[in-house]
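Engineer: Make a model of this:
(3 chains)
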Amino acid sequence: MTNPSTQIDLAANTIQEKLTFVLIHGAWATASFWDNTAAVLREAGHTVHAPEYAGHGNNIDPQVTHEQIVSSVVDYITQENIQDFVLVGHSFGGTVIAKVAEFVSDRVKRLVFFDAFVPKDGESLLDQMPAPVQQAFHGLIQASGNNTITLPFPLFRDTFVNRANLHLAKQIYEASPAEPAGPLLHKLDLKKFYSLQIPKSYLFLTEDIAYPPAPFAFHPGQSSNLGVYRLIVSDGDHISTAYTHANVLAQKLVEAGRD
Amino acid sequence: MTNPSTQIDLAANTIQEKLTFVLIHGAWATASFWDNTAAVLREAGHTVHAPEYAGHGNNIDPQVTHEQIVSSVVDYITQENIQDFVLVGHSFGGTVIAKVAEFVSDRVKRLVFFDAFVPKDGESLLDQMPAPVQQAFHGLIQASGNNTITLPFPLFRDTFVNRANLHLAKQIYEASPAEPAGPLLHKLDLKKFYSLQIPKSYLFLTEDIAYPPAPFAFHPGQSSNLGVYRLIVSDGDHISTAYTHANVLAQKLVEAGRD
Amino acid sequence: MTNPSTQIDLAANTIQEKLTFVLIHGAWATASFWDNTAAVLREAGHTVHAPEYAGHGNNIDPQVTHEQIVSSVVDYITQENIQDFVLVGHSFGGTVIAKVAEFVSDRVKRLVFFDAFVPKDGESLLDQMPAPVQQAFHGLIQASGNNTITLPFPLFRDTFVNRANLHLAKQIYEASPAEPAGPLLHKLDLKKFYSLQIPKSYLFLTEDIAYPPAPFAFHPGQSSNLGVYRLIVSDGDHISTAYTHANVLAQKLVEAGRD
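Structural biologist: Here you go, the predicted structure:
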């Protein structure tokens, strides 16, 4: 803010920075959630890591803890010696990247919360939900018999893959593992996270109602917990957009993640 | 949620289901509100009914009741023996389809509230409005001398057809009948509606401020009364989009209405 | 609302009204903010004035008052004898056009608030902000030593030019003058403004978080202060969209400004 006669050169806006991404998926998903988006990003010259994390993948561990998930991601980052990267968390993955950032803050250039939970210090993901949803989740946990949560298809179809047709919705649902309940109920100590000076972005898809809008959706319901952040908005739902519009999602992750 | 190795076949997302729609228009409109949209839907192979309902159309009955409106739609559905259909209500039509669904719940596959009112049990459409709007409506009813409401053109132009130019705005205004006031003031017994297990969708157009955003617009102000619902969002206003972008509206009604 | 048999002629919606605009820029900007947009509007046949106002431009006056800014715009309008024009205010410019309208109400066809502040009577722009933002602004004023505010680049980059890449963000930041603090803190007597019958529009860009969404963004946080208004929505951020998508912004200003 020093030289009002600076010439604005719009061509500069087309310069593409090459980024390194670490992508952390959400609940009821595996690392394959990122396959299409990662392919688009790599094609554009970016480096992409989408590690599976503890207790998840094709064989879930119903007893996995939030700490184990965080440790597994931290271990991946340090073992691969990933530096200066954009750490992206989708949905439940927001709670993971907030804790991971506490351990590798010197390696992270920017945190991107993509329709992700940003709990307040001392709260769990489930604490962010309206009371009736909390009750419903506890009922699903009890019904599971093994401390997991399986969403009923009608709920998943209308609130996670609302932009898909029925065929795609069923395929994505079939491919979704049951989710270990413990990490969703884990009260998170986020004092260090909230003291970090890492820049943050929030990517919001306007048809995402996996987080119920009563009164607020992911944005500004969860995003506003971040304080100052860069907002990027596009259209799409919680899950199917990553399959059907991976090119758009990749572009929005770049806009959210770049310097 | 059983087989994480399910292959996702994106081609499946292009399969088009053929649907049967029953479209219920809102206040200050006639069944011709749907003409362009219905034409697009029929062209795509869907079946469309857009019945005029009691007391409305080119010759309004200022004394028509909400019950008479609902009965006329129920009668149409049963006489035409329409089955497995998507019941769409626009604006005031939301209060109609909620009551219609109580009578023909076994025939309705899904309810679609399109920028529609979803009153709580025991409330009227007008009860959803901020107090100053309620007062203004009562003033307009008194001024009518025959228990109807005619909106002043400046209000209609800026809040119902905000995306139209002045020429189209005037045409649509001229074609809009005065609205019988009784059904807008009718306190609705919606206990049965709120007990129904019919799937529900909400279609929100982002520039629709016919329902004043203080603090909330149709979404999430009215949509959140539905509990669990499928959200579909597009851009457009309350009335003119059905004339100028019927192809978009038709596509969004399919996305909102399909299984 | 008199003739339900009126034929709707969609071709009428393509008729383009020629408008006269007076464009008032926001804080941390000069009149050149409008250059690209004005060029597009003039190309389409509209008349555009984008006057620099008192204490602003390439050489700021840190002691300029809100009254002086308003007077300078009123003087410009009367000296140029501009009639029947659309008065547009961006950001801080919303507080300017509200006061200008009080002095030249007979000349203004419509007020357009473009991601602009609409303070309540007796409040300042800063009064619209959450308490932590107010505190931060007071800190920046003290740090300036000359009663101006210079935004830190990281804040400007993420909340004013979030859709730009880093190169364009830096250019726009360099070209932004420090902002005199007085007018942002000035408590505005807006009783006459709120009594005016001039039609109003609000243009909201969905990624604009220069006004922090806690709980509300410019729309409906500021827009709802207007009472009845025409809403136009597009995507974009607070500043860079005027540079990168001037054609879209010009079209939206026409939609917001026309009769």
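Engineer: I'd like the distance between the nearest residue to A:G122 once chain neighbours are set aside and chain B.
Structural biologist: Closest residue to A:G122 in three dimensions, ignoring its sequence neighbours and counting by CB to CB, 6 or more residues apart in numbering or on different chains: A:K187, at 5.8 Å. Any C-beta I mention is one placed from the backbone N, CA and C, and that applies to glycine too. Computed as CB to the nearest CB, to the nearest Å, the A:K187 to chain B distance reads 26 Å.
Engineer: in what helix or strand does A:K187 lie?
Structural biologist: Using DSSP states H and E, A:K187 sits in no helix or strand.
Engineer: Helices along chain A, start to end?
Structural biologist: Assigned helices in chain A, in chain order: A:35-43, A:66-79, A:93-103, A:131-144, A:153-159, A:166-174, A:182-185, A:191-195, A:218-221, A:241-244, A:246-257 (criterion: DSSP state H).
Engineer: Could I get the buried residue list for the fourth one?
Structural biologist: It refers to helix A:131-144. A:A136, A:F137, A:L140, A:I141, A:S144 (16 or more other CB atoms under 10 Å in any protein chain shown).
Engineer: Show the pLDDT at A:T6.
Structural biologist: The model reports A:T6 with a pLDDT of 77.
Engineer: ok now do it, which residues does it touch?
Structural biologist: C:Q171, C:E174, C:A175 (CB atoms under 8 Å, 6 or more residues apart in numbering or on different chains).
Engineer: isn't the first one right up against A:A12?
Structural biologist: Yep, that's C:Q171 we're talking about. Yes - between C:Q171 and A:A12 there is a contact at 6.5 Å, judged by CB atoms under 8 Å.
Engineer: which regions of the stretch 1-150 of chain A sit below the pLDDT cut-off?
Structural biologist: Applying pLDDT under 70 to the stretch 1-150 of chain A flags the ranges A:2.
Engineer: Show me which residues of it are close to chain C?
Structural biologist: A:1-10, A:12-17 (CB under 8 Å from any CB of the partner chain).
Engineer: Write the PyMOL selection for whichever of the residues you listed are buried.
Structural biologist: To isolate in PyMOL the members of the residues of the stretch 1-150 of chain A next to chain C that are buried, counting by 16+ other CB under 10 Å, one can use:
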select buried, chain A and resi 1+4+8+13
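Engineer: thinking again about what came up before, just give me the closest of the buried residues of helix A:131-144 to C:M129.
Structural biologist: Nearest to C:M129, judged by CB to CB, of the buried residues of helix A:131-144 is A:F137 at 36.5 Å.
Engineer: The most centrally placed residue in chain A: what's it in contact with?
Structural biologist: For chain A, the residue nearest the mean C-alpha position is A:H90 (1.1 Å; CA atoms, centre = their mean). Residues near A:H90 by CB under 8 Å, 6+ apart: A:L23, A:I24, A:H25, A:G26, A:A29, A:F33, A:F114, A:D115, A:A116.
Engineer: For the residue in the stretch 1-150 of chain A that chain B sits nearest to, give me phi and psi.
Structural biologist: Nearest residue of the stretch 1-150 of chain A to chain B: A:N58, at 4.4 Å (CB to the nearest CB). Here is the backbone geometry of A:N58 (degrees, to the nearest 10): phi -70, psi -20.
Engineer: residues near it, how many?
Structural biologist: Neighbourhood size, A:N58 [other CB atoms under 10 Å in any protein chain shown]: 13.
Engineer: can you tell me which residues contact it?
Structural biologist: With CB under 8 Å, 6+ apart, A:N58 has these contacts: A:T30, A:P177, B:P4, B:S5.
Engineer: Setting aside sequence neighbours, what's the nearest residue to the last one?
Structural biologist: This means B:S5. Using CB to CB, 6+ apart and skipping residues adjacent in sequence, the residue nearest B:S5 is A:N58, 6.3 Å away.
Engineer: what's the spacing between the one you found and B:T6?
Structural biologist: 11 Å (CB to CB, to the nearest Å).
Engineer: For chain C, give me its nearest residue in the stretch 51-200 of chain A.
Structural biologist: Nearest residue of the stretch 51-200 of chain A to chain C: A:P199, at 6.5 Å (CB to the nearest CB).
Engineer: who does the closest residue to that residue other than its chain neighbours bridge with?
Structural biologist: Excluding the flanking residues, the one nearest A:P199 by CB to CB, 6+ apart is A:R110, at 4.7 Å. Note on A:R110: beta-bridge partners by DSSP bridges are A:V86.
Engineer: What is the neighbour count of A:R110?
Structural biologist: 21.
Engineer: and it, what does it touch?
Structural biologist: A:V86, A:L87, A:I198, A:P199, A:K200, A:S201, A:A256, A:G257, A:D259.
Engineer: and the residues you listed as a markdown table, adding neighbour count and distance to B:G182?
Structural biologist: Below are the contacts of A:R110 laid out as a markdown table (neighbours: other CB atoms under 10 Å in any protein chain shown; distance: CB to CB, whole Å):
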| residue | neighbour count | distance to B:G182 |
| --- | --- | --- |
| A:V86 | 24 | 58 |
| A:L87 | 29 | 58 |
| A:I198 | 14 | 59 |
| A:P199 | 19 | 57 |
| A:K200 | 21 | 53 |
| A:S201 | 25 | 51 |
| A:A256 | 25 | 51 |
| A:G257 | 27 | 56 |
| A:D259 | 15 | 61 |
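Engineer: who in chain A is up against chain B?
Structural biologist: Counting by CB under 8 Å from any CB, chain A sits next to chain B at A:28, A:30, A:57-58, A:150-151, A:154-159, A:162-168, A:171-178, A:206-207, A:209, A:212-217, A:235, A:240, A:243-244.
Engineer: Let me know how buried A:V104 is, in neighbour terms.
Structural biologist: 17.
Engineer: For it, give its distance to C:D75.
Structural biologist: Counting by CB to CB - A:V104 and C:D75 are separated by 58 Å.
Engineer: before we move on, what about A:M1?
Structural biologist: 28 Å.
Engineer: what does A:L151 give?
Structural biologist: From A:L151 over to C:D75 (counting by CB to CB), the distance is 64 Å.
Engineer: circling back: confidence score at the residue nearest to A:G122?
Structural biologist: pLDDT for A:K187: 98.
Engineer: Could you do the one 4 residues further on as well?
Structural biologist: In the predicted model, A:K191 carries a pLDDT score of 98.
Engineer: Near the closest residue to it other than its chain neighbours, how many other residues are there?
Structural biologist: Nearest non-adjacent residue to A:K191, counting by CB to CB, 6+ apart: A:D121, 5.4 Å away. A:D121 has 14 neighbours, counted by other CB under 10 Å.
Engineer: right, and A:D121 touches A:Y194 too?
Structural biologist: Yes - look at A:D121 against A:Y194 with CB under 8 Å: they come within range, at 6.0 Å.
Engineer: Rebuild the buried residues of helix A:131-144 as JSON lines, extending it with distance to C:A39.
Structural biologist: As requested, those are exported to JSON lines (distance: CB to CB, whole Å):
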{"residue": "A:A136", "distance to C:A39": "55"}
{"residue": "A:F137", "distance to C:A39": "55"}
{"residue": "A:L140", "distance to C:A39": "58"}
{"residue": "A:I141", "distance to C:A39": "60"}
{"residue": "A:S144", "distance to C:A39": "62"}
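Engineer: and which of these is nearest to A:L41?
Structural biologist: Among the buried residues of helix A:131-144, and counting by CB to CB, the member closest to A:L41 is A:F137, at 32.8 Å.
Engineer: mind listing what that closest one touches?
Structural biologist: A:L126, A:M129, A:I149, A:A181, A:L184.
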